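[1] whatever this is, show me its structure:
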Amino acid sequence: MRKRAAVLCGAAIVVAGTFTAVPADAGTPQSAPSASAARLTWKKCGTADYPTLQCASLEVPLDHANPRGRQITLALSRIPHTAKKYQGPLLVNPGGPGGSGLTFAGFIATGLPKAVAAQYDVIGFDPRGVGASKPALNCGPGYFNPVRPDSVPSTPAIEKANLERAKSFAAACGRKYASVLPYINTISAAQDMDSIRRALGAKRINYFGYSYGTYLGAVYAKLFPHQVRRLVLDSIVDPTGVWYDDNLAQDYAFNDRHRALMAWIAKYDATYKLGTDPEQIEAKWYAMRAALAKKPAGGKVGASELEDTFVPGGYYNGYWPYLAEAFAAYVNGKNAEPLVETYENFGAVDASGDNGYSIYTSVQCRDASWPRDWRQWQKDNWAVYEKAPFMTWSNAWYNAPCAFWPTGSLKPVNIANGKLPPALLFQATNDAATPYEGGVTVHRLLDGSSLVVEEGGGNHGITLSGNPCLDKYLAAYLTDGRVPRGGGEADAVCKALPDPKPLTAKAASTSSRGAALHRLLGARS
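    Next comes the predicted model:
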C-alpha cells in the first residue's frame, strides 16, 4: 500500500468542483426505539481552554444482546449549541482505538467556525474501557517503561524477550478483565453510540471521526444507517485490512515518512549539519540507533525508545524540528540530553497511555482474526523489514499480544453502504498511519460519498489543523450538507501546507492547532 492509487484524474489543486446540497431533513430516519431514553445530567466541567464544557455519564449494557445484564459507564462531554438553528448532536471521536474524547469535543467546537459550531451540541465520549469511563482498563501498568528489548529480533534471545513481554501482557489482560474483554470491540462501541443517541433524545446523529474513529463511524453507519444524518471521516482506515494487513501496510508508509524527514533535514544542513544527502543522513540515524542499543541515552532511550520518539514525526511534521535538533545534538555534539527530553515529550507513555494501549489491543485483537502461529509473523515482518526497516518490528511488537489474545475474534464489518446521506471524506496522499488507499476504498464503499484529498500532505488528521481549503469543505458540509462533486478519484483536491522550518524559538510548532490535534488523537492505529 505504499503507492498512491493512480493519479487524481486530472483534478487541479484547490478544485472547487460542483456541490450537491443535501436538505437538512434528508433521509428520514426510522422511529427511535420505544424504550424511554436514559436521562443525562450535565454538569459544568470546563477547562481553561474549553470553559463551556459540560460532562455527564451514561450506563450502557456490557453486552448489548443482554440489555438487562451487567452495566458499564460511559463518560460524556458536550459543548452546547447556542444558535437558534439547531442541527442536532455532533458526536466526535479522535481515534486510537483507545483515545479519550472528552476534551476533544472542545477542540472540535473551537476549531469550527463559530457560526457552524453554534448549531450543534458537540458531544465527546470516552469509549467503553477508556479514560473516565468505567471500568477503565489497564492490563500492564508500566508496560512501556524504558529500557525495553531492541525491537529488531536480531538474536533468538532478543526475540524471546519480546515474545515473553507480549505473552505476559495478553495473559494479564485475560486475568484482570476476563468478563469484560469479549465486549471491548468496535461493534460494541458503535452500539454504545446508539445508546448515546437515544439518551440525547435524537432521532439521528451527526458524526465526525479521525483515524480509527473513521472505522468506528463507518461501522456505526452500517449498523444504524437510518440514524445517520451527516458523516465526516478524516484520515481513513482501510476496512478491508483490519487489522493485521493494515499494520503491515503502515510499515511501508511510515518508512517513507521517515525518509521524508531525512530529506527535510538535508535541506537545512546549515542548521543541523548532518549533511545534504538524505541517504547518508538516514545512515547516521541508524548508526545512532545502533549506538543507543548498546548504551541507552540517559538510561532511558535505547533503540526501541528511539523509535517511539521518532514515530510521532510520521504522524505530524510539526515535530520534525524538535526531532532534528535532538538527532543533531546526539550525533554532532555527543549530547544526549535533547534526545532524552524529546523522548519524554513525544515517546514516553504515562498511565493514560497504558490505558489507551490496553484498549488498543483489546479492540484490535477482538475485532478480527490474527495469525496465531508466530512463524507467520516472522515471515511477514522480516519480508517487510527488508524494504521498510524504520518501524516494522516496532509495529509488530506493538500488536504482538494479538497472537496470544485470550478471547476469540469477531469478523470484520463489511462497511459497504448504500443507505446513507452523502458522507464527506478527507485523506492526505502521503498519510502514514492510514495510507491513501483507505480513503479511496471507503469512498467506493460508501455510495454517494465525496472524497477531498490533500495532495502532497503527509500528516495524519488534516482538518481543523490549519489548512483553510480543507476546512472550507468541512464547514460547508456541516452548514447545509453541501459536498463537492468531481469527475475523478477525488471530488476535490487541496494543496498541502508547507513543511515547517527549523526552530527559531521553542514555540510555534507545538502550540499550533495542528500540534493540539495530534496530542488529542488516540494511540497509533
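[2] helices of the stretch 201-350 of the chain, start to end?
    Using DSSP state H, counting those that start in this stretch, the helices of the stretch 201-350 of the chain run over residues 212-223, 244-267, 269-272, 278-294, 303-315, 320-333, 337-342.
[3] CA atoms only for the third one, dumped as PDB, please.
    Pointing back at helix 269-272 there. These are the backbone C-alpha positions of helix 269-272, laid out as PDB (Å, rounded to 0.1, in the frame of the first residue of the first chain):
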ATOM      1  CA  ASP A 269      22.100  21.400   6.500                       C
ATOM      2  CA  ALA A 270      23.200  24.900   7.500                       C
ATOM      3  CA  THR A 271      21.100  24.400  10.700                       C
ATOM      4  CA  TYR A 272      21.600  20.700  11.600                       C
END
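[4] re the thing from before, now the helices of the stretch 201-350 of the chain as a markdown table including mean pLDDT, distance to residue 444 and mean neighbour count?
    Every residue, glycine included, has its C-beta placed from N, CA and C. Putting those into a markdown table (pLDDT from 0 to 100; distance: least, C-beta to C-beta, whole Å; neighbours: other C-beta atoms under 10 Å) gives the following:
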| stretch | mean pLDDT | distance to residue 444 | mean neighbour count |
| --- | --- | --- | --- |
| helix 212-223 | 98 | 12 | 27 |
| helix 244-267 | 98 | 17 | 21 |
| helix 269-272 | 98 | 42 | 14 |
| helix 278-294 | 98 | 35 | 16 |
| helix 303-315 | 98 | 25 | 24 |
| helix 320-333 | 98 | 33 | 21 |
| helix 337-342 | 98 | 40 | 20 |
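[5] could you dump the ones you listed to a markdown table with distance to residue 452?
    Formatted as a markdown table, the helices of the stretch 201-350 of the chain follow (distance: least, C-beta to C-beta, whole Å):
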| stretch | distance to residue 452 |
| --- | --- |
| helix 212-223 | 14 |
| helix 244-267 | 20 |
| helix 269-272 | 34 |
| helix 278-294 | 30 |
| helix 303-315 | 20 |
| helix 320-333 | 25 |
| helix 337-342 | 33 |
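[6] of those, which approaches residue 355 most closely?
    helix 212-223 (15.2 Å; C-beta to C-beta).
[7] just the CA trace of the closest one, in PDB.
    The C-alpha coordinates for helix 212-223 follow below in PDB (Å, rounded to 0.1, in the frame of the first residue of the first chain):
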ATOM      1  CA  TYR A 212      -9.700   4.600  13.900                       C
ATOM      2  CA  GLY A 213     -12.700   6.900  14.500                       C
ATOM      3  CA  THR A 214     -13.400   6.600  10.800                       C
ATOM      4  CA  TYR A 215     -13.800   2.800  11.100                       C
ATOM      5  CA  LEU A 216     -15.900   3.300  14.200                       C
ATOM      6  CA  GLY A 217     -18.100   5.800  12.300                       C
ATOM      7  CA  ALA A 218     -18.400   3.500   9.300                       C
ATOM      8  CA  VAL A 219     -19.400   0.500  11.400                       C
ATOM      9  CA  TYR A 220     -22.000   2.600  13.200                       C
ATOM     10  CA  ALA A 221     -23.400   3.700   9.900                       C
ATOM     11  CA  LYS A 222     -23.500   0.100   8.700                       C
ATOM     12  CA  LEU A 223     -25.400  -1.000  11.900                       C
END
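[8] helices or strands up against it?
    Helix 212-223 sits against strand 89-93, helix 186-199, strand 205-211, strand 228-236, helix 437-445, with contacts defined as 3 or more C-beta pairs under 8 Å, 6 or more residues apart in numbering; DSSP states H and E.
[9] state the distance from residue 439 to residue 462.
    Distance of residue 439 to residue 462, computed by C-beta to C-beta, to the nearest Å: 11 Å.
[10] list the residues that contact both of these two?
    The contact sets of residue 439 and residue 462 overlap at 426-427 (C-beta atoms under 8 Å, 6 or more residues apart in numbering).
[11] which stretches in the protein count as strands?
    In the chain, the strands defined using DSSP state E lie at 18-20, 43-44, 54-61, 71-79, 89-93, 121-126, 205-211, 228-236, 424-428, 450-455, 483-485, 492-495.
[12] could you export these as TSV, including distance to residue 152, mean pLDDT and mean neighbour count?
    Below are those laid out as TSV (distance: least, C-beta to C-beta, whole Å; pLDDT from 0 to 100; neighbours: other C-beta atoms under 10 Å):
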stretch	distance to residue 152	mean pLDDT	mean neighbour count
strand 18-20	50	40	15
strand 43-44	49	98	8
strand 54-61	42	98	19
strand 71-79	39	98	22
strand 89-93	34	98	27
strand 121-126	35	98	27
strand 205-211	26	98	27
strand 228-236	28	98	27
strand 424-428	29	98	27
strand 450-455	33	98	26
strand 483-485	44	97	21
strand 492-495	37	98	23
